[in-house]
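Visitor: what shape does this take:
(chains A, B and C)
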Amino acid sequence: MRHTVIPFGPQHPVLPEPIHLQLTIREERVVEALPALGFVHRGLERLVEARDVPQMIQVVERVCGICSMIHAHCFCMGVEALLGIEAPPRAQVLRVLWSELHRVQSHLLWLGLFADCLGFESLFMQFWRIRERILDLGEATTGNRVIVSVNVIGGVRRDPDAAQLAWVAAEIDRIEEELRRLEPAVLDDPTVRRRTVGKGVLSRDQAWELGAVGPTARASGIAEDMRQTNYAAYGRLYFEPVVETDGDSHARLRVRFRETLASLDLVRRAIRILPAGEVRLKLREPPAPRGEIVVRVEQPRGELLYYLKGSGEKRLDRVRIRTPTFANLPALLAMLPGVSLSDVPVVTLSIDPCISCTER
Amino acid sequence: MREETRTVPVQALLAEVARLKAEGWRLVTLTASELDAERLDLLYHFDRELRLQHLRVAVAKREAAPSISPVFFSAALVENEIQDLFGVRFAGLLLDFGGGLYREPESPAAPFCRCGGPPQETPPAEGGGQTPGGEGCATR
Amino acid sequence: MRALRRFIDRMRAKSPWLLHFDCGSCNGCDIEILACLTPLYDVERFGIVHLGNPLHADLLLTSGTVNPRNRKVLANLYAQMPAPKVVVAVGACGLSGGVFRDAYNVVGGIDRVIPVDVYVPGCPPRPEAIIDGVVLGLQKLAGGGRGGR
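Guide: Purely as a prediction, here's the structure:
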C-alpha cells in the first residue's frame, strides 16, 4: 500500500498560528506526524541581555498575548523570590483575580475556535460574544483588553475600588448563567460528540510518559494542576483540579468547559476574600536579583516554568521559559497516528496549541 | 535553587535519569545556560506530585552530550532547541532536526553562545546578534 | 467589456475577501483580528468574508514580525493572491518589529518582505482600529489596489 505525504499548515484555515505538520497518510488514516516549527521563533529569551528587570516584564508579557498576565505573574514571582520580598496580600489576591479572568477568556477563545473547527459557527459566535464581556471586565479594572500589563515587581499597578468589584461579581454571575445555558449545546450535541468522542485518545500512561500538562493531562486522568502548589493566594481559595479520564478530544472539551466555570467561581471567591491594604511595595532601588530559581504557575494551557538566573546586576543572566504547548507537542504526535485525515484539525486543536508560546 | 539539586557527571546521566523515571519522576524540561567559552550548564528538571528536583550536568560544548530522549521521548524537542540555540550536539537523539528546528541557514548560528562559537569548521558570525549589551564572559 | 470591468471593480470593494496570516506575533493582534469577526464588532457588515485560501483573497491582514523562516511563507502567500490586492499590517511588531526588534531572529516589519498599504499601530490595536485599517484598505482597493491596471 502506498503512502501519501500531506503538508498541514503553516497557513491553514483552522490554525490561527503557523505550525507545520507533515502527515504520512495511508488510506485516509495518519500513520505518522512530524512537526516543523520555527515560523514564530523570535529569540526573545535573549532580550534579557538588553533589558533590565522591569523592562523585561513587557517582553515576557508578549511571549503570548492570550495569557500575558500569567507570564508576567510568573516572572514577577520569581524575581520577588530572588529579591526576598513578597507582594502585599491584596496584590496577591488581585493577581489571582486577573489570572482567572485571563483563564476564562482564554478558554472561551478556545471553545469558540474549537466549535468553529467543527463547523459549528453559531456556537463560535456565542462563545466569543460572552468572551467580550470578560474582556470588558478586564478593561474596566486594568485599562487594557488583551495585554493587561498589571504586574510589577512587588505587586500590581492597579487597584479596583469596591463599586467596580461589586460590578465584576454581578457580571460574573450573569456570564455563568449564560454559559450554563450553552452547556448542553457544547457537551451533549450529537454532532459535536461524533466529531470528538474517541478521537485522539491519550492514555494516562502515555500522558505521563510524554510529559503532557494542563487540561491535556487532566483529560487523561492526571490530577495535576500547578494551582495546587498554592502560589499567590490560591492556598486560601480551596482549589480543586478538574479531571476527566477518557483522554479523548471530548474529555479535553469537558475539562476546559468545566474549568471555565470553576475559574468564574474562583474570581467570585477572590473578590470575597480580598483584604484591604497596599497593592504595591515601594522598592528603594532598581531590582538586581542574585541567584537562580525555578518558578511554576498554571497557565490556561498548563504548567508554565520559568528559570531565572541573576548575578546581582540590573539585568538577568538567563531567562528560560518552558511553555505548556511545548510540553504537549509530543503528546499531540502520539495522538495523531490512527486518526482520519478529516479529524486532524480537531485533534490538533484539542491540545489548545499556542505556537507563539512554544517558540518564543 | 530552592529545591534539591544534585550535580552528576555526564557519564552517569542516563542511568540517573532512568532511575528517576522508575521512581515516578516526570521530566519537566531541560534548561541550558552558558558557563564559559568551553562549557554549558545543563539542568534537568523533574517533578513528582508537584515537587521539583533538579540534576545539574556540565557538558563540554565540543563534545556531544548524551541524549535522554531514549528514556523520555519528551526530551527530544527541547534537546533540539538547545542544539539550535547553543550549537551543541546531542548523541543518540531520536527525532533529530540537526540544528534546524528554529533556524534557517541565514539565521545566526548558536545565538545564545556569548562567550564562544559552537564547534564548527566554518566559524559562524560571533554571537550572531544585533543584541546590544552582550558582555563578555570575564564580567560574568 | 469596460462596463463589466467597472462593475467588477465596484463590487470587489463591496465584498472583499480577507486572508489572515500570523507572521510571528504574540497572538495579541490575532485574537483582536478574530474579535472583529464576532457579533460585537462584526466586520462582516462591510461584506467582508474571512477565508483561508490566498487564491481567493483581495486583502491580506498580517500581524507580527518577520523571521527568516516565515518570510518565505509570507512572500508566497502574497504572490498567490490575485491582483488587485491590498496588504494591511496590524500591530507594532508588524510595523517595525516592535518589542522584539532587537531579538536575533527578527528581520523586521512586514514591509521588509512585501509592500504594505495600511499600517495599524498599537500593541495590540483595538478592534475598532483594525476595522478602520481594513476600511481604509478597502478604499485603496476601490481605487485600484496593488497590481491593478
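Visitor: use CA for all of it now, contacts and neighbours both
Guide: OK.
Visitor: the strands in the stretch 201-350 of chain A, which residues?
Guide: Along the stretch 201-350 of chain A, the stretches classed as strands by DSSP state E, counting those that start in this stretch are A:290-299, A:302-311, A:318-322.
Visitor: for those strands, which one sits closest to chain C?
Guide: Comparing these against chain C with C-alpha to the nearest C-alpha, the closest turns out to be strand A:318-322 (13.9 Å).
Visitor: and the helix or strand in which A:Glu100 is found, what does it pack onto?
Guide: Element membership of A:Glu100, judged by DSSP states H and E, is helix A:89-117. In this structure, helix A:89-117 packs against helix A:68-83, helix A:121-142, strand A:155-156, helix A:249-273, helix A:344-350, with contacts taken as 3 or more C-alpha pairs under 8 Å, 6 or more residues apart in numbering or on different chains; DSSP states H and E.
Visitor: which outside residues touch the third one?
Guide: By C-alpha atoms under 8 Å, 6 or more residues apart in numbering or on different chains, the surrounding residues in contact with strand A:155-156 are A:Ala87, A:Pro88, A:Ala91, A:Gln92, A:Leu94, A:Arg95, A:Val150, A:Val279, A:Arg280, A:Leu281.
Visitor: buried among the residues you listed? Need that as a selection in PyMOL.
Guide: Those of those that count as buried under 16 or more other C-alpha atoms under 10 Å in any protein chain shown are selected in PyMOL with:
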select buried, chain A and resi 87+88+91+92+94+95+150+279+280+281
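Visitor: out of the contacts of strand A:155-156, who's nearest chain B?
Guide: Of all the contacts of strand A:155-156, chain B sits closest to A:Ala87, with 18.9 Å by C-alpha to the nearest C-alpha.
Visitor: hang on, the closest one in a strand?
Guide: No - under the criterion used here (DSSP: H, G, I helix; E, B strand; the rest coil), A:Ala87 is coil, not part of a strand.
Visitor: that one contacts A:Leu283, correct?
Guide: No - here A:Ala87 lies out of contact with A:Leu283, judged by C-alpha atoms under 8 Å, at a distance of 11.1 Å.
Visitor: could you tell me which residues touch both of the two?
Guide: Shared contacts of A:Ala87 and A:Leu283, defined by C-alpha under 8 Å, 6+ apart, comprise A:Gly154.
Visitor: hmm, back to that, make JSON lines out of the strands of the stretch 201-350 of chain A and add mean neighbour count and mean pLDDT.
Guide: Below are the strands of the stretch 201-350 of chain A laid out as JSON lines (neighbours: other C-alpha atoms under 10 Å in any protein chain shown; pLDDT from 0 to 100):
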{"stretch": "strand A:290-299", "mean neighbour count": "21", "mean pLDDT": "90"}
{"stretch": "strand A:302-311", "mean neighbour count": "22", "mean pLDDT": "90"}
{"stretch": "strand A:318-322", "mean neighbour count": "22", "mean pLDDT": "90"}
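Visitor: mind checking the longest helix of chain C?
Guide: Residue-count comparison of every helix in chain C, with assignments taken from DSSP state H, identifies helix C:127-142 as the longest.
Visitor: got the buried residues for that helix?
Guide: C:127, C:129-131, C:133-138, C:140-142.
Visitor: between those residues, which is nearest chain A?
Guide: C:Pro127 (10.0 Å).
Visitor: list the contacts of the closest one.
Guide: C:Glu32, C:Ile33, C:Ala35, C:Cys36, C:Tyr41.
Visitor: the first one belongs to a helix?
Guide: Yes - checked against three-state DSSP, C:Glu32 lies within a helix.
Visitor: tell me the phi and psi of the spatially most central residue of chain B?
Guide: When C-alpha atoms, centre = their mean is applied to chain B, the residue found nearest the centroid is B:Ala32 (4.2 Å). In this entry, B:Ala32 is assigned phi and psi values of phi -110, psi 140 (degrees, to the nearest 10).
Visitor: swap in the one 5 residues further on?
Guide: As for B:Ala37, its main-chain torsions (degrees, to the nearest 10) stand at phi -60, psi -20.
Visitor: what about it, neighbour count?
Guide: Here the count is done by other C-alpha atoms under 10 Å in any protein chain shown, and B:Ala37 has 16 residues near it.
Visitor: distance of it from B:Ala60?
Guide: Taking C-alpha to C-alpha, to the nearest Å as the criterion, B:Ala37 is separated from B:Ala60 by 9 Å.
Visitor: C:Ile8: neighbour count?
Guide: The local packing of C:Ile8 (other C-alpha under 10 Å) involves 12 other residues.
Visitor: how about B:Phe86?
Guide: Taking other C-alpha under 10 Å as the definition, B:Phe86 ends up with a neighbour count of 24.
Visitor: distance of the nearest residue to it once chain neighbours are set aside from B:Ile68?
Guide: What sits nearest to B:Phe86 in space, not counting adjacent residues and going by C-alpha to C-alpha, 6 or more residues apart in numbering or on different chains, is B:Ala110, at 4.5 Å. To B:Ile68, B:Ala110 is 21 Å away according to C-alpha to C-alpha.
Visitor: does B:Leu30 sit in a helix, a strand or a coil?
Guide: Three-state secondary structure (criterion: three-state DSSP) places B:Leu30 in strand.
Visitor: show me what contacts the closest residue to it other than its chain neighbours?
Guide: Nearest residue to B:Leu30 in three dimensions, chain neighbours excluded: B:Tyr44, at 4.6 Å (C-alpha to C-alpha, 6+ apart). By C-alpha under 8 Å, 6+ apart, the contact list for B:Tyr44 reads B:Leu27, B:Val28, B:Thr29, B:Leu30, B:Thr31, B:His54, B:Leu55, B:Arg56.
Visitor: thinking again about what came up before, now do the same contact list for the residue nearest to the centre of chain B.
Guide: Counted by C-alpha under 8 Å, 6+ apart, B:Ala32 has contacts B:Leu40, B:Asp41, B:Leu42, B:Leu43, B:Ile82.
Visitor: reformat those residues as CSV; add neighbour count.
Guide: Formatted as CSV, the entries for the contacts of B:Ala32 read as follows, by neighbours: other C-alpha atoms under 10 Å in any protein chain shown:
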residue, neighbour count
B:Leu40, 20
B:Asp41, 16
B:Leu42, 21
B:Leu43, 21
B:Ile82, 23
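Visitor: for those residues, which one is nearest C:Gly47?
Guide: Within the contacts of B:Ala32, the smallest distance to C:Gly47 is 47.3 Å, found for B:Ile82 (C-alpha to C-alpha).
Visitor: surely C:Leu37 and C:Glu44 touch.
Guide: Yes - taking contact to mean C-alpha under 8 Å, the distance of 6.5 Å between C:Leu37 and C:Glu44 places them in contact.
Visitor: more neighbours: which of the two?
Guide: Neighbours were counted for C:Leu37 and for C:Glu44 using other C-alpha under 10 Å; C:Leu37 has more, 20 against 15.
Visitor: contacts only, for that one.
Guide: The contact partners of C:Leu37, taken as C-alpha under 8 Å, 6+ apart, are C:Val43, C:Glu44.
Visitor: how much space between it and chain B?
Guide: C:Leu37 sits at a distance of 32 Å from chain B (criterion: C-alpha to the nearest C-alpha, to the nearest Å).
Visitor: which residue is the nearest non-sequential neighbour of residue 112?
Guide: This is for chain A. The spatially closest residue to A:Gly112, leaving aside those adjacent along the chain, is A:Phe124, at 4.0 Å (C-alpha to C-alpha, 6+ apart).
Visitor: the chain in question should be chain C.
Guide: With sequence-adjacent residues excluded and distances taken as C-alpha to C-alpha, 6+ apart, C:Arg112 is closest to C:Val66, at 7.9 Å.
Visitor: what's the burial count for A:Trp167?
Guide: Residues near A:Trp167, counting by other C-alpha under 10 Å, number 12.
Visitor: hang on, it is in a helix, isn't it?
Guide: Yes - the assignment for A:Trp167 by three-state DSSP puts it in a helix.
Visitor: re earlier: higher neighbour count, B:Ala110 and B:Ile68?
Guide: In this comparison of B:Ala110 against B:Ile68, neighbours counted by other C-alpha under 10 Å, the higher total goes to B:Ala110 at 26 against 22.
Visitor: alright, that wraps it up for me.
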